[in-house]
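Trainee: Predicted model, plus sequence, below.
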Amino acid sequence: MLNIGDKAPDFTLISDTGEKVSLKDLKGKKVILYFYPKDDTSGCTKEACSFRDNIKIIEKKNAVVIGVSKDNTFSHQKFKKKYDLPFTLLSDENLDMLKEYDVWKEKSMYGRKYMGIERTTFIIDEKGKISEIFNKVKVDGHTEEILSKL
């Protein structure tokens, strides 16, 4: 279980462009690290487009947005292109980072239990410490909530 004030676990994952991205490479910037269930689904699309629509404000606050799901890089490329997303999407097909950030959870839909990503956002400060955690995110109003904390 991660808490506010903890050092954010470092990671190195492949991005939608095929490059390796590590948290340590982002030191000096605030990182909005958001975990979402699946590319091109209604809630995930709405969340991603909200970040896209507010990217200039986010960048003015010395912050970057990084989305993470278990979708592969090809899926991320299609999703990013379809919605013109101006930020990095990382693929964690092995679930290592999802488990380390404790967002891989048992979920339930229509009485059926399954494992999946619980929509969660972390704000990581310029020194790599967790400054905010948003669990079980409701998409409506989430970006505004994040902007108020940057």
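Mentor: That came through fine.

Trainee: okay, CA-based contacts and neighbour counts for the rest of this
Mentor: OK.

Trainee: what helices or strands is the lowest-mean-pLDDT helix or strand in the chain leaning on?
Mentor: Here the helix or strand of the chain ranked lowest by mean pLDDT, DSSP states H and E is strand 104-109, holding a mean of 88. Where contact means 3 or more Cα pairs under 8 Å, 6 or more residues apart in numbering; DSSP states H and E, strand 104-109 is packed against strand 112-117.

Trainee: and the strand it packs on, which strands flank it?
Mentor: Applying DSSP bridges, strand 112-117 is found paired with strand 104-109 (antiparallel).

Trainee: who's in contact with the helix or strand where Gln77 lies?
Mentor: According to DSSP states H and E, Gln77 maps onto helix 73-83. Contact partners of helix 73-83, identified using Cα atoms under 8 Å, 6 or more residues apart in numbering, comprise Ile14, Ser15, Asp16, Thr17, Gly18, Asp39, Asp40, Cys49, Pro86, Leu89, Leu90, Ser91.

Trainee: Next, the contact list for the first one, please.
Mentor: It stands for Ile14. Listed by Cα under 8 Å, 6+ apart, the contact set of Ile14 reads Lys20, Val21, Thr73, Leu90, Ser91, Asp92.

Trainee: Not counting its neighbours along the chain, what's nearest it?
Mentor: Among residues not flanking Ile14 along the chain, Lys20 sits closest, at 4.6 Å (Cα to Cα, 6 or more residues apart in numbering).

Trainee: and the gap between that neighbour and Leu90?
Mentor: 9 Å (Cα to Cα, to the nearest Å).

Trainee: who touches both of these two?
Mentor: Leu13, Ile14.

Trainee: Give the burial count for the closest residue to Trp104 other than its chain neighbours, as a bare number.
Mentor: In space, and not counting its chain neighbours, Trp104 is closest to Ile117: 4.7 Å by Cα to Cα, 6+ apart. Around Ile117 there are 22 other residues, counting by other Cα atoms under 10 Å.

Trainee: got a list of what the spatially most central residue of the chain touches?
Mentor: Centroid-nearest residue in the chain: Tyr34, 1.9 Å away (criterion: Cα atoms, centre = their mean). Shown in contact with Tyr34 (Cα under 8 Å, 6+ apart): Val65, Ile66, Gly67, Val68, Arg119, Thr120, Thr121, Phe122.
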